[in-house]
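> next come a sequence and a model predicted from it.
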Amino acid sequence: MSLSGVLDAGIGEVLKQTMKLAATSTLVRMDLAKLTDADNNGATLLMRGLAALKRAKKEIVFGSPEHLAQILAAKLVPGERINEAMWLLLLELYQQAFRQDAFEEAAVNYAVTFEVSPPSWEALSARTEDLPQEVLLAESKAEEFMLHGQMVGATAADLAPLERALAGRDDFDIDAHQLVRIDPGSAGHLLEMLQRLHGAGKKLRIIGLSTLVAAYLETLGFAEVAELRARAI
């Protein structure tokens, strides 16, 4: 699901179609990068849609959550008791972006504004933190594949579909702009896969890495089999 333009009441029809498609899927990805603005009506409908998806036991992953969070944060004023749905959506986005400090600050401002107890930070479920196969196989561009969120507990079996998909390419990028962290086990399996592809003559790049993750991967030997490109700070 890709949202574009203004997040307003018009999202209702898009959400209806999303619910129909979600009936046959366990994971729903909402790409927010193309949104240019938002209002409380759109936030209300999106929050209702998210609640419905959660009740249906669907996993929800946002693409570019901080983009929409920035739009919302610029519109919300602590103490002005309006746009409650936008506040709640902002908190949801901070959770998805693993921005706990920003979440807690916004939660306090929300609580003061609406005279309620501040919402609590909730660690994402194990299902969300263990998304290697779905996330890795999401194409972000024609020649790129994406790593997202927290890559925890990935196995060789999880990476096998990606390896098969890339086997027919001589040159490809893996987009890591939204990769927050990767645990040693997952990194080891990813390195083994890239070593096989590199040995087969493939030209590999991992782009958009955070400085810390790039340095970590370099210590593990990733730079020997792939070009590591850190994103601009």
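Received, thanks.

> so the closest residue to residue 231 other than its chain neighbours, which state does it fall into?
Spatial nearest neighbour of residue 231, excluding adjacent residues (CB to CB, 6 or more residues apart in numbering): residue 208 at 4.6 Å. To be clear about C-beta, it is placed using only N, CA and C from the backbone, and glycine gets the same treatment. Three-state call for residue 208 (DSSP: H, G, I helix; E, B strand; the rest coil): strand.

> pretty sure residue 208 sits against residue 177.
Yes: taking CB atoms under 8 Å as the definition, residue 208 is a contact partner of residue 177 at 3.4 Å.

> picking that back up, what about the residue nearest to residue 231, how many neighbours?
For residue 208, the neighbour count with other CB atoms under 10 Å is 22.

> now do residue 207
Around residue 207 there are 16 residues (other CB under 10 Å).

> do the same with residue 156
With other CB under 10 Å as criterion, residue 156 counts 12.

> grab the nearest non-local neighbour of it.
residue 189 (5.0 Å).

> what's the neighbour count on residue 100?
12.

> and it, backbone torsions?
Backbone torsions of residue 100, given as degrees, to the nearest 10, read phi -70, psi -40.

> just to check, it is in contact with residue 121?
Yes: the pair residue 100 / residue 121 is scored as a contact, 5.4 Å apart, by CB under 8 Å.

> for the helix or strand containing residue 105, packing partners?
In the assignment (DSSP states H and E), residue 105 maps to helix 100-114. Judged by 3 or more CB pairs under 8 Å, 6 or more residues apart in numbering; DSSP states H and E, helix 100-114 is in contact with helix 84-96.

> for the helix it packs on, what is the distance to the chain centroid?
Here helix 84-96 is found 15 Å from its chain centre; the criterion is CA atoms, centre = their mean, to the nearest Å.

> pull stretch 74-87 out as CSV, backbone CA atoms only.
Taking Å, rounded to 0.1, in the frame of the first residue of the first chain, the C-alpha atoms of stretch 74-87 are listed here in CSV:
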residue,chain,number,x,y,z
ALA,A,74,5.1,20.3,12.6
LYS,A,75,1.4,20.7,12.9
LEU,A,76,0.9,19.7,16.6
VAL,A,77,1.1,22.3,19.4
PRO,A,78,1.2,21.1,23.0
GLY,A,79,-1.6,22.6,24.9
GLU,A,80,-3.9,23.0,21.9
ARG,A,81,-6.6,20.4,22.5
ILE,A,82,-7.3,19.5,18.9
ASN,A,83,-6.2,16.9,16.3
GLU,A,84,-6.0,14.0,18.8
ALA,A,85,-5.9,11.4,16.1
MET,A,86,-2.8,13.1,14.7
TRP,A,87,-1.1,12.9,18.1
